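K.L.:
how would this look folded up:
(2 chains)
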Amino acid sequence: MQFSTFAEFIAMDGHGFYVWLSYGVSFTLLTLLVFFSIAKNKNIIIQIRRRQQREEKLKQAAKQQKDNISQEVTHESTS
Amino acid sequence: MWKWLHPYANPEVSYHFTGKLIPWFSKLAFTLLFIGIIWALLFVPADYQQGNSFRIFYLHVPAAILSMGIYVGMAIAALSSLVWQIKLADTSVAAIAPVGAVFTAIALITGAAWGRPTWGTWWVWDARLTSELILLFLYLGVIALHNAFEDKTLAGKAAGILALVGVVNIPIIKYSVEWWNTLHQGSTVSKLGAPSMSSSMYWPFVVCFIGFICFVTWVICLRFRAEILARNAMRSWVRDLVTQQESK
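P.N.:
Residues are numbered from 1 along each chain as shown, chains lettered A, B, ... in the order given. I've put the predicted structure just below:
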């Protein structure tokens, strides 16, 4: 251990500002990098899921329309 | 000889492989960096000339070496994408560039904060500092080109060519302290086998450096997986995977 008191550790013999600036900036940048990398993964999965749901909805709507038309046709042919 | 490598050109195989790597590298990175940084801040003796500002060394030097190492890795990926048309190589260039940019920024900022008490100035336009700044712009250029095109194949080609041309900057950074008169000191740790510093200062550096390598591997794997998913969104395995994650 190079420092006897906590205040000495923070002051770093007058170099405290530069040392803590370096460590602070590096820590912040690395944390942001990890955070955004994980968030990107999640966002992409959500986006793909949304696109899938939209496709399913469109498919169902198309199917319903088809059914409606065929029903009308059968109605017309029976009446 | 290289046949074992072939399956990994398949995005699905690579996706699951990197998924297995992630927990190991994240744990290793956290452990090593925790030990290394505490060692560097509390137990390493102060430098006889630079005093306690020397503790910045343990961030600055690994970040600077990695900023160049990551670039070389990215350029190799760009080369294999351009020559062999491997799509996953493009994917990895896109995954690697932001990580490299962050490490270059850390090297520059910690360098400025170290330069102020040591040289009396935050910044000088000398060879080492300027070429490292150009490296940052190269990374930003690669990222920008990747985002500039809707068509990812075209984007990959443009970014890949820039990444390859930029390799010329790497030896310039490396040898700038020998070729030109500069404020920046020569290398201390990269002399193979004979680092010009005492072992009480050298070993914590090794721990930090390996910790940072694991960190870089971890984050690149994370970004690589996200890029794979985004580029293969229409594939059935991605669709299955997404619905599986939903039900969890």
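K.L.:
need the pLDDT of the residue lying closest to residue B:140 once chain neighbours are set aside.
P.N.:
Once flanking residues are discounted, residue B:140 sits nearest to residue B:101: 6.1 Å by CB to CB, 6 or more residues apart in numbering or on different chains. Every residue, glycine included, has its C-beta placed from N, CA and C. As predicted, residue B:101 sits at a pLDDT of 96.
K.L.:
please pull up the helix or strand immediately following the helix or strand where residue B:101 lies.
P.N.:
Residue B:101 is located in helix B:87-119, with elements delineated by DSSP states H and E. Using DSSP H and E, the helix or strand that follows helix B:87-119 towards the C-terminus is helix B:127-148.
K.L.:
which helices and strands does that following helix pack with?
P.N.:
helix B:57-84, helix B:87-119, helix B:152-165, helix B:169-179 (3 or more CB pairs under 8 Å, 6 or more residues apart in numbering or on different chains; DSSP states H and E).
K.L.:
residues of that helix that come out buried?
P.N.:
Within helix B:127-148, the residues scored as buried using 16 or more other CB atoms under 10 Å in any protein chain shown are B:127-132, B:135-136, B:138-139, B:141-143, B:145-146.
K.L.:
and stretch B:73-85, by the same measure?
P.N.:
Within stretch B:73-85, the residues scored as buried using 16+ other CB under 10 Å are B:73-82.
K.L.:
can you give me the helices for chain A?
P.N.:
Using DSSP state H, the helices of chain A run over A:6-11, A:16-78.
K.L.:
what's the least confident stretch among these?
P.N.:
Confidence, taken as mean pLDDT, is least for helix A:6-11 of the helices of chain A (a mean of 81).
K.L.:
flag the shaky bits of chain B, pLDDT-wise.
P.N.:
Scanning chain B for pLDDT under 70 picks out the ranges B:189-196, B:247-248.
K.L.:
swap the cut-off to 80 and go again
P.N.:
Applying pLDDT under 80 to chain B flags residues B:1-2, B:48-49, B:181-183, B:186-198, B:245-248.
K.L.:
need the three-state assignment for residue B:183.
P.N.:
Using DSSP: H, G, I helix; E, B strand; the rest coil, the structure places residue B:183 in coil.
K.L.:
so it makes contact with residue B:112?
P.N.:
No - taking contacts as CB atoms under 8 Å, residue B:183 lies outside contact range of residue B:112: 12.0 Å.
K.L.:
around chain B, which positions in chain A sit nearby?
P.N.:
By CB under 8 Å from any CB of the partner chain, the residues of chain A that approach chain B are A:1-3, A:9, A:12-16, A:18-19, A:21-23, A:25-26, A:29-30, A:33-34, A:37-38, A:40-41, A:44-45, A:47-49, A:51-52.
K.L.:
any of those residues buried? List them.
P.N.:
Among the residues of chain A next to chain B, those classed as buried by 16+ other CB under 10 Å are A:3, A:12, A:15-16, A:18-19, A:21-23, A:25-26, A:29-30, A:33-34, A:37, A:40-41, A:44-45, A:48, A:52.
K.L.:
what's the most distant pair in the buried residues of stretch B:73-85?
P.N.:
Spatially, the most separated pair among those is B:73 and B:82, at 15.3 Å (CB to CB).
K.L.:
contacts for stretch B:106-118, please.
P.N.:
Here stretch B:106-118 makes contact (CB atoms under 8 Å, 6 or more residues apart in numbering or on different chains) with A:14-15, A:18-19, A:21-22, A:25-26, A:29-30, B:50-51, B:53, B:56-57, B:59-60, B:63-64, B:67, B:121-124, B:129, B:132-133, B:136, B:183.
K.L.:
phi, psi of residue B:50?
P.N.:
phi -90, psi -10 (degrees, to the nearest 10).
K.L.:
distance of the closest residue to residue B:158 other than its chain neighbours from chain A?
P.N.:
Distances taken as CB to CB, 6+ apart put residue B:145 closest to residue B:158, at 4.6 Å, once the chain neighbours are dropped. Using CB to the nearest CB, to the nearest Å, we find residue B:145 at a distance of 18 Å from chain A.
K.L.:
what sits against residue B:145?
P.N.:
Residue B:145 makes contact with B:155, B:158-159, B:162, according to CB under 8 Å, 6+ apart.
K.L.:
now render those residues as TSV, adding distance to residue B:202 and neighbour count.
P.N.:
Below are the contacts of residue B:145 laid out as TSV (distance: CB to CB, whole Å; neighbours: other CB atoms under 10 Å in any protein chain shown):
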residue	distance to residue B:202	neighbour count
B:155	42	18
B:158	42	17
B:159	37	26
B:162	36	19
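K.L.:
list just the nearest of the residues you listed to residue B:26.
P.N.:
The shortest approach to residue B:26 among the contacts of residue B:145 belongs to residue B:159, at 27.2 Å (CB to CB).
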